[in-house]
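Trainee: this one's structure only:
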């Protein structure tokens, strides 16, 4: 169409800026636009965004570690929510905590639920990787390259896990009545405590992940394996073990996110499906395979989705994430952080 | 130190090595020479456990190491140093070195070894907090060798340390390889640059079609007509002799 026209970095960025400005201009014309609603949208957007970010980080981690998109990641989110709910209900119904912490039994139970969701899903992820994915990757001649087979396996795994959840928890929606206290007021916006928990836990976990990856020896190993399995082998890293670790961390994050989201709505076996797609959109927007990109992408998708739902139309809420993904893929196909460091020569 | 007996291996179903025999003595430098696609790198990969050994044996320090997991082989003290492009580009020089010492247990040992590497290659010290992607070709090769030295190896195997480097830098790197040997390590070097490699090495092997074709003292090999023959494959012009 345009001869000699190339999408250089500069053109990409200007187009992204243009899109952002048009979008901001459009929503600012909305009749609902005022400071109060803007504050609300910002807070909710960031909160939802950190959840998308946590799941997207997992998808990106698995993508860099195993060279595969894990299409069953949403199911780990769902199972994590159920794990958290089951642990919480067990503790509260059995009145196990009430005796010790009569003042704060709700949030103590919730923290234990979060912890269990994190740990159990991490271990479950390692189990799944060892038992089901490892034989497939071995077929590829090493610990990587399994191509289409492993992607289909991901879908199959998703169906199996979904049905497993059916059998254990039945298909009805379970309310997650986490007693975390009364809604609080932040800067004029009344916010349920669950949102505050999502925000704080999300930021803490994201920061912890950053320090784990950049400062610890194990984190260094994870980054090395993510870059190249062959070189990691040659420097003496136990690559199969590290692939399990990567898978475990990714699933643990998804499980944690599940328990964080649970109390805002309900816990139901289908909840993993939509979060997978939205986290996938977040990972693409941030730059596929980049971990900071996944978090930033999560925020972007969360804010975009929430503001669109509030200012434009709430009935198409789930479509906006994919609209943003399409726009980013058209204008800036690498995503925000997708440019890997390239070697000279 | 390293004894390779009737080694048969390859990639997928393609057989590359057809029964190679080699021996590397303690504290020697041995050169493994050959043209493109003759199986030089395949021998190294089989030794470091990256590809499976189909038949034959690889004996290191009196233990059979064929088909051991790669990290176990590194722990035993046999390290392969890849070509300079195989660094972790998005990590700093220091992080790359730290990864080289991944099998080390103590932090102190790690620090000592980093000092040791900086002694060999002072250039790396100047650049220690830069990303590896910003290094020049020679520095990358130094980084790769340095990373290989980090795990206290008994023997290192170098895969074409002179590839795509200026002659001056090649000389510098080869001098350092000699110094590494004098400090007690055994070196196996795979090279395309025949003359440089034979100047450096004590003993040489020439591989052709997956078997060792010619072997002998490097001084002798230097003037051996059959080396040229097997290298040039009868009239080619690829060798840097």
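Mentor: Cool, got the structure. If you're wondering where the values come from, they're calculated on a predicted model, not measured in any experiment.
Trainee: Who's the closest spatial neighbour of whatever residue of chain B ends up closest to chain A, skipping the chain neighbours?
Mentor: For chain B, the residue closest to chain A is residue B:74, as judged by C-beta to the nearest C-beta, at 3.2 Å. Any C-beta I mention is one placed from the backbone N, CA and C, and that applies to glycine too. Nearest residue to residue B:74, sequence neighbours excluded (C-beta to C-beta, 6 or more residues apart in numbering or on different chains): residue A:236, at 3.2 Å.
Trainee: So that neighbour is in contact with residue B:150, correct?
Mentor: No. Using C-beta atoms under 8 Å, residue A:236 is not in contact with residue B:150; the gap is 9.2 Å.
Trainee: hang on, the earlier thing: the residue of chain B closest to chain A in helix, strand or coil?
Mentor: Following DSSP: H, G, I helix; E, B strand; the rest coil, the label given to residue B:74 is helix.
Trainee: and it, how many neighbours?
Mentor: Residue B:74 has 26 neighbours, counted by other C-beta atoms under 10 Å in any protein chain shown.
Trainee: now residue A:174
Mentor: Number of residues near residue A:174 (other C-beta under 10 Å) recorded here: 17.
Trainee: Pretty sure it sits against residue A:271.
Mentor: No. Contact criterion C-beta under 8 Å: residue A:174 and residue A:271 do not qualify, at 10.4 Å.
Trainee: what's near enough to touch the residue of the stretch 151-300 of chain A found nearest chain B?
Mentor: Chain B sits closest to residue A:236 of the stretch 151-300 of chain A, with a gap of 3.2 Å, by C-beta to the nearest C-beta. The neighbourhood of residue A:236, defined by C-beta atoms under 8 Å, 6 or more residues apart in numbering or on different chains, consists of B:70, B:71, B:74, B:75, B:79, B:102, B:103, B:151.
Trainee: which non-adjacent residue is nearest the fourth one?
Mentor: Okay, so that is residue B:75. Per C-beta to C-beta, 6+ apart, closest to residue B:75 is residue B:103, 5.0 Å.
Trainee: Make sure I have this right: that neighbour is in a helix.
Mentor: No. Read with three-state DSSP, residue B:103 is coil and lies in no helix.
Trainee: gap between it and residue B:47?
Mentor: 17 Å (C-beta to C-beta, to the nearest Å).
Trainee: Quick check: which ranges of chain B have low pLDDT?
Mentor: B:228-241 (pLDDT under 70).
Trainee: Nearest residue to the middle of it?
Mentor: By C-alpha atoms, centre = their mean, chain B has its centre lying nearest to residue B:158, at 1.3 Å.
Trainee: Spell out the secondary structure type for that residue.
Mentor: Per three-state DSSP, residue B:158 ends up strand.
Trainee: again, but for the one 4 residues further on
Mentor: The three-state label for residue B:162, taken from three-state DSSP, comes out as coil.
Trainee: you'd agree it is up against residue B:173?
Mentor: Yes. With contact defined as C-beta under 8 Å, residue B:162 reaches residue B:173; the gap is 7.1 Å.
Trainee: Find the residues that touch each one of those two.
Mentor: Contacts common to residue B:162 and residue B:173, judged by C-beta under 8 Å, 6+ apart, are absent.
Trainee: does chain A sit close to the host helix or strand of residue B:41?
Mentor: Mapping residue B:41 onto the secondary structure by DSSP states H and E places it in helix B:40-47. No. Using C-beta under 8 Å from any C-beta of the partner chain, helix B:40-47 stays clear of chain A, with a minimum separation of 8.9 Å.
Trainee: could you point out which element follows that helix?
Mentor: With DSSP H and E, the next secondary element past helix B:40-47 is strand B:53-60.
Trainee: tell me what that next one is packed against?
Mentor: strand B:2-11, strand B:14-24, helix B:40-47 (3 or more C-beta pairs under 8 Å, 6 or more residues apart in numbering or on different chains; DSSP states H and E).
Trainee: mind running it again at 7 Å?
Mentor: strand B:2-11, helix B:40-47 (3 or more C-beta pairs under 7 Å, 6 or more residues apart in numbering or on different chains; DSSP states H and E).
Trainee: what's the last one packed up against?
Mentor: The contact analysis (3+ C-beta pairs under 7 Å, 6+ apart) places helix B:40-47 against strand B:2-11, strand B:14-24, strand B:53-60, strand B:155-159, strand B:186-191.
Trainee: Nearest to residue A:289, out of the ones you listed?
Mentor: Taking C-beta to C-beta, strand B:2-11 is the member of the helices and strands packed on helix B:40-47 nearest to residue A:289, at 26.3 Å.
Trainee: what sits up against the closest one?
Mentor: B:15-24, B:42-43, B:46, B:51-60, B:155, B:188 (C-beta atoms under 7 Å, 6 or more residues apart in numbering or on different chains).
Trainee: returning to what we had before: helix, strand or coil for the residue of the stretch 151-300 of chain A closest to chain B?
Mentor: Residue A:236 - assigned by three-state DSSP - is coil.
Trainee: next one: the helix holding residue B:41 to chain centre, how far?
Mentor: Relative to its parent chain, helix B:40-47 has a centroid offset of 9 Å by C-alpha atoms, centre = their mean, to the nearest Å.
Trainee: Kindly report the same for stretch B:68-86.
Mentor: In terms of C-alpha atoms, centre = their mean, the centre of stretch B:68-86 is set 10 Å apart from its chain centre.
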